[in-house]
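>>> Attaching a predicted model along with its sequence, questions to come.
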Amino acid sequence: MAAELVSLEKLLEKHIPAGELREVWRLLYGKDISPLDLPSSAFQAASIRGFELQGYGFEAAVEQTRRPRIVRVGLIQNKIQLPTSAPVTEQISSLHKHISDIVEVAAMCGVNIVCFQEAWTMPFAFCTREKLPWTEFAESAEDGITTKFCQELAKKHNMVIVSPILERDSVHGDTLWNTAVIISNTGAVMGKTRKNHIPRVGDFNESSYYMEGNTGHRVFQTAFGRIAVNICYGRHHPLNWLMYSVNGAEIIFNPSATIGELSESLWPIEARNAAIANHCFTCSINRVGTEHFKNEFTSGDGKKAHHDFGHFYGSSYVSAPDGSRSPGLSRVSDGLLVAEMDLNLCRQTSDKWNFKMTGRYEMYADELTKATQMDFKPNIVQE
Ligand SMILES: NC(=O)NCCC(=O)O
């Protein structure tokens, strides 16, 4: 099998003459995105620990009545560390160790808010449709071992942590959820927010494991800005992004697990469009690597049974409200993307384009209310 392409960026760098490359980046990313001046010690540490480090800055105009609101976010994408057949607790602790190594480098880069990939403590085993041992990865959002681990990290580095896990809710009949836990930079658990939309596409058999979220569109007022989490498949739902934004989110994280064949054509578009449409920053994170499972499974498409899901293509990136975006991380290796953003850009873009002001939400609220009634008749004019 041919080796996976490392990234579009590396390919363009290789083939486009240096003089024209800058213009290519401007057209591709919406404007000249400036690399961040990160400490060389951070690059060294990343290289020793075997992951890629990139940093970019999104600036805003200077205002007279508000100070800049500068925040640094960190997006982490990674492979699982042990084979999927290793004991559950060893798989979890190997990921804890790996992530704490990357978060340490994020701290060296001055990151204020870090977000991990979807279900980061486990392989993305939902393709198998088997319950054990995968449901054993589920843990309490409030006091599970992963939340405790993140609380220590958050306190140590004065960093807000967004930790997407498989949640076991033992108070409500051991219900499983796909949940992001928000941990304050003080180490306190601020709360949790659950995945609203569950995929029923390809091998994403997630509805066999957990329920559609019931936490609505919560926004968390952190010390560094108002954040929300739109988990993976929710990025295909424009109303999902909209409602986080209606509740005031300035940065919406999209921790994901998705594979090339299915969604790579959508990946650069949806979160970027959401940043534009909602006057906010969006942060898209995807895992990397191919995960193999002992027992074969079929995909219900007449093809042969197989042992893997396909290639998770990484390519994590940040989009800004003005439509610009950062380059993506690698398609094949672990990485940390640091983005410095001035949150004033959200209101500045809103004042320019007025998508909220011109949104006519009352008209849509009315029409959507009617469209969801049993007696709805589509508004079609016949000749
Ligand atoms: N994890 C997840 O929801 N994946 C669904 C596939 C996709 O949305 O690309």
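Looks like it came in fine.
>>> for the stretch 151-300 of the chain, which spans come out with low pLDDT?
Within the stretch 151-300 of the chain, the set of residues satisfying pLDDT under 70 is empty.
>>> near the ligand, which residues of it show up?
Contact residues (C-beta under 6 Å from any ligand atom) of the stretch 151-300 of the chain with the ligand: 199, 204, 232-233, 236, 256-258, 262-263. The C-beta positions use only the backbone N, C-alpha and C, and glycine is treated the same way.
>>> Mind checking which of those are in strands?
Residues of these located in strands (DSSP state E): S256.
>>> Now do the strands in the stretch 251-383 of the chain.
Under the criterion DSSP state E, counting those that start in this stretch, the stretch 251-383 of the chain contains strands at 251-256, 281-286, 288-297, 306-313, 317-319, 335-342.
>>> Report the buried members of the residues of the stretch 151-300 of the chain next to the ligand.
Neighbour counting with 16 or more other C-beta atoms under 10 Å marks 199, 204, 232-233, 256-258, 262-263 as buried within these.
>>> which among those gets closest to I33?
Comparing those against I33 with C-beta to C-beta places S256 closest, at 21.7 Å.
>>> So what pairs up with that closest one in the strands?
Beta bridges link S256 to N286, judged by DSSP bridges.
>>> mind listing what it touches?
Residues counted as contacts of S256 (C-beta atoms under 8 Å, 6 or more residues apart in numbering) are 117-118, 231-232, 235, 284-287.
>>> In CSV, list the residues you listed along with distance to E13.
CSV is the format used below for those (distance: C-beta to C-beta, whole Å):
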residue, distance to E13
Q117, 26
E118, 29
I231, 32
C232, 29
R235, 28
S284, 21
I285, 23
N286, 21
R287, 24
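>>> And the furthest pair within these?
Of all pairs drawn from the contacts of S256, the one with the longest distance (C-beta to C-beta) is R235 and R287, at 14.6 Å.
>>> quick revisit: quick one: the buried ones among the residues of the stretch 151-300 of the chain next to the ligand as JSON lines, columns for distance to D342 too.
Formatted as JSON lines, these follow (distance: C-beta to C-beta, whole Å):
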{"residue": "P199", "distance to D342": "34"}
{"residue": "F204", "distance to D342": "36"}
{"residue": "C232", "distance to D342": "28"}
{"residue": "Y233", "distance to D342": "30"}
{"residue": "S256", "distance to D342": "26"}
{"residue": "A257", "distance to D342": "30"}
{"residue": "T258", "distance to D342": "30"}
{"residue": "L262", "distance to D342": "35"}
{"residue": "S263", "distance to D342": "30"}
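>>> now the strands for the stretch 101-250 of the chain?
With strands called from DSSP E, counting those that start in this stretch, the stretch 101-250 of the chain shows them at 113-115, 160-169, 175-183, 189-194, 220-222, 225-229.
>>> Go through the fifth one and flag the buried ones.
When you say that, I think you mean strand 220-222. In strand 220-222, the ones that count as buried by 16+ other C-beta under 10 Å are 220, 222.
>>> ok so, going back, the residues of the stretch 151-300 of the chain next to the ligand in helices, which ones?
Mapping these onto helices (DSSP state H) picks out 262-263.
>>> Identify the single longest helix in this protein, thanks.
Ranked by residue count, the top helix of the chain under DSSP H comes out as helix 88-108.
>>> Would you mind pulling the contact partners of it?
With C-beta under 8 Å, 6+ apart, helix 88-108 has contacts from 38-39, 41-42, 45-46, 49, 51, 53, 74, 76, 78, 80-82, 84, 86, 114, 116, 120-123, 133, 136-137, 145-146, 149, 153, 156-157, 159, 161, 334, 336, 338.
>>> cutoff 6 Å now
39, 42, 45-46, 49, 74, 76, 81-82, 114, 121, 133, 136, 149, 153, 157, 336 (C-beta atoms under 6 Å, 6 or more residues apart in numbering).
>>> so what's P68 up against?
By C-beta under 6 Å, 6+ apart, P68 lies in contact with D342.
>>> Could I get the pLDDT score of it?
If you check P68, the pLDDT there is 98.
>>> That one and A277: what is the separation?
The spacing between P68 and A277, counted by C-beta to C-beta, to the nearest Å, is 24 Å.
>>> next one: V24
Distance check for V24 against A277: by C-beta to C-beta, it reads 25 Å.
>>> same question, G300
34 Å.
>>> quick one, which of those two is more surrounded?
A277 (18 against 9; other C-beta atoms under 10 Å).
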